[in-house]
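Q: build the 3D model from these lines:
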Amino acid sequence: MDRARPARSARRPRSVLALLTAALLAVPGITALSSAAVAADADLVRNGGFESGLDNWSCTAGKTVGSPVHGGSAALQATPAGSDNAQCTQTVTVQPNAQYTLSGWVRGSYVYLGANGTGTTDVSTWTQSAPDWQKLTTTFTTGAATTKVTLYTHGWYGTGAYYADDVSLVGPGGSTGQPPAPPTGLGTGTVTSSSVALSWSAVTGATGYAVYRDGVKTQTVTGTSATVSGLAASTAYSFQVTATNDAGESAKSAAVTATTSAGTGGGSPGLPAHALVGYLHTTFANGSGYTRLADVPDSWDVIDLAFGEPTSVTSGDIRFNRCPVTECPNVESDADFKAAIKAKQAAGKKVLISIGGQNGQVQLTTTAARDTFVSSVSKIIDDYGLDGLDIDFEGHSLSLNANDTDFRNPTTPVIVNLISALKTLKARYGTKFVLTMAPETFFVQNGYQFYGTGKWGGQDPRCGAYLPVIHALRDDLTLLHVQDYNSGPIMGLDNQYHSMGGADFHIAMTDMLLTGFPVAGDANNVFPPLRPDQVAIGMPASTNAGNGYVSPAEVTKTLDCLTKRTNCGLYATHGTWPALRGLMTWSVNWDRYANWEFEKNFDAYFG
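A: Residues are numbered from 1 along each chain as shown. This is a model prediction of the structure:
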């Protein structure tokens, strides 16, 4: 769709149309013909009044509200963002060479209504300002081979929420038939600690099937089997399936339940059931002061040495240069530092090298850079006897090329080369190798709304750019601890924006990781959930550590909601995850500066 604002459609005055209609009806034989044409027409929009929520609509940033409404009890509210116009679409079946009238009632600034794929000239109409409900109407004629047309509403970038209601498309109906019958024979096959195989009987007239886990759609398939992955060990799940075709979606099948096996804790080598993760400033000093590794309390289960940085952005050559005495007067010697690593490991702790950080931009643009990354990181791990690697790529390290739209099959070199490098390192060091990632929300949860540059371009190419890396490494990933700080508002699975500063933000962001979510609003392109033992929540240790600090009471609310489904507030989670791995913080140094507030609260909660 052309993002330029379309011109207003010219309209005949009502009086002229009325006169023409009266003249035609006065001609013998025309009356019967007109009546037959009108009788054949129908409103082809499904759920045009949004009385059934967003059923039949696909929206990037929409929800239904009870006020204001034009008719009935619900209307669409959609809120454009800086790089998204909050478009809602519906594809309908039409007849070739037929005339249609598209109309809808709207409120707000810069509200658009249009149709794409008409086979002739795509049409749209808009209003610059509608403080109260205003009707938009446009017409089009389909092409000789057109059987489907996509209708849309959208707003304009950064202009605030708009509303739409009672959208209709009147004209000859296509041969849609009826939605298929619900599938029967749903049963389970192989069950592992993280997946359940399902199969069901074919449904006549179905062109696809949707799989639901605990009432939430997780994937769509064209065959009669699917494997639902990313599940928690020793956990009961309920599954249902629906059948789909051009006419819509069937009712859900009868439910079947399955309980995943206990497993072996794969992906979390040697970690306690609930782990405390912290970054230790080892290459620089700031207001928090330098903390010797030997002085880190035993409560910290994973210690990320911050940071290994590249010699240049695209070299792939990572160096770990410990803080010099001139900057950190109390820094320990290399010998004492290595001895402290061994002592931590003897006590069951994991010590990792963290690559990147705010100033460590890493772009593996070539295979040569990829190979240099592997060899240089391996040298650091071997020299210091470390347990593994943490990826903390920030800024412009990861972004997606314009034609890279499928997180399951990435093509952008910096993404593909990073995945290859991490798989090589995991294979080199074996199952005990600890691999963690600490992306920002912009690169992960923001992928629910936006992915890369978007269908029409103009979005930040970094949107959701971590998703292909996480997905490709999910079987090798020990921990994902997204930085729930220094973040702008992010839309959750409730289609509401959530902001830093309270438990609500952490609950909503973590629920997305544990439930899975459609990428860029595409229900057919779902990022699968991670296991709860793979997820820790990233929080600042103190007000000095970064934006988004929450008090110990809010941390406790977060953990109560996610592990017990109590103390949740307004956000309703999609499950309960007692196996949630734990918390990550920036940083150990800042927590020491704040009298170990973060650590003490973690110990008090998990014991």
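Q: going forward, measure contacts between C-alpha atoms and count neighbours the same way
A: Noted.
Q: per-residue pLDDT of residue 8, please?
A: Looking at residue 8, its pLDDT is 29.
Q: just for this structure, where's the confidence low?
A: Within the chain, the ranges that satisfy pLDDT under 70 run 1-40, 82-83, 175-177, 262-268.
Q: tell me the centre residue of it?
A: Nearest to the mean C-alpha position of the chain, counting by CA atoms, centre = their mean, stands residue 448 at 3.0 Å.
Q: show me where this protein has helices.
A: Along the chain, the stretches classed as helices by DSSP state H are 14-25, 30-40, 334-346, 367-384, 413-429, 467-472, 503-515, 552-564, 588-593, 597-606.
Q: any chance of those helices in TSV, plus distance to residue 109 and mean neighbour count?
A: Formatted as TSV, the helices of the chain follow (distance: least, CA to CA, whole Å; neighbours: other CA atoms under 10 Å):
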stretch	distance to residue 109	mean neighbour count
helix 14-25	26	11
helix 30-40	34	11
helix 334-346	60	16
helix 367-384	48	18
helix 413-429	39	19
helix 467-472	34	21
helix 503-515	29	24
helix 552-564	37	19
helix 588-593	46	24
helix 597-606	45	16
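Q: coming back round to it: looks like the residue nearest to the centre of the chain contacts residue 521 (just checking).
A: Yes - between residue 448 and residue 521 a contact is recorded at 6.0 Å, counting by CA atoms under 8 Å.
Q: please enumerate the strands of the stretch 451-600 of the chain.
A: For the stretch 451-600 of the chain, applying DSSP state E, counting those that start in this stretch gives strands covering 479-480, 490-491, 497-498, 517-519, 522-527, 536-540, 582-586.
Q: tell me which of the ones you listed lies nearest to residue 272.
A: strand 582-586 (9.6 Å; CA to CA).
Q: hmm, who's touching that closest one?
A: 274-279, 481, 535-541, 545, 602 (CA atoms under 8 Å, 6 or more residues apart in numbering).
Q: go through it and flag the buried ones.
A: 582-586 (16 or more other CA atoms under 10 Å).
Q: hang on, residue 161 packs against residue 84?
A: No - with contact defined as CA under 8 Å, residue 161 does not reach residue 84; the gap is 11.8 Å.
Q: just to revisit the earlier point, and of the buried residues of strand 582-586, the nearest to residue 235?
A: Distances from residue 235 to the buried residues of strand 582-586, taken by CA to CA, are shortest for residue 582, at 18.3 Å.
Q: beta-bridge partners for the closest one, please?
A: Beta bridges link residue 582 to residue 275, residue 536, judged by DSSP bridges.
Q: for it, give its distance to residue 234.
A: Noted for residue 582: a distance of 18 Å to residue 234, by CA to CA, to the nearest Å.
Q: same deal with residue 517?
A: Following CA to CA, the distance that separates residue 517 from residue 234 is 23 Å.
Q: can you name the residues that contact the residue nearest to residue 493 when sequence neighbours are not counted?
A: Nearest residue to residue 493 in three dimensions, chain neighbours excluded: residue 512, at 6.6 Å (CA to CA, 6 or more residues apart in numbering). Listed by CA under 8 Å, 6+ apart, the contact set of residue 512 reads 445, 492-493, 529.
Q: and of these, the nearest to residue 92?
A: After measuring the contacts of residue 512 against residue 92 - CA to CA - the closest member comes out as residue 493, at 26.1 Å.
Q: hmm, residue 517 and that closest one touching each other?
A: Yes - counting by CA under 8 Å, residue 493 touches residue 517, with 7.4 Å between them.
Q: ok, how many other residues are close to residue 357?
A: For residue 357, the neighbour count with other CA atoms under 10 Å is 19.
Q: find the residue closest to it in space, skipping its chain neighbours.
A: Closest to residue 357 by CA to CA, 6+ apart is residue 392, at 5.5 Å.
Q: any idea how far the one you found lies from residue 332?
A: Residue 392 is 25 Å from residue 332, by CA to CA.
Q: looking at those two, which one has more neighbours?
A: Neighbours were counted for residue 392 and for residue 332 using other CA under 10 Å; residue 392 has more, 26 against 20.
Q: residue 420 versus the closest residue to residue 243 other than its chain neighbours, what's the distance?
A: Leaving aside its sequence neighbours, residue 243 sits nearest to residue 209 (CA to CA, 6+ apart; 4.5 Å). Counting by CA to CA, the separation of residue 209 from residue 420 is 33 Å.
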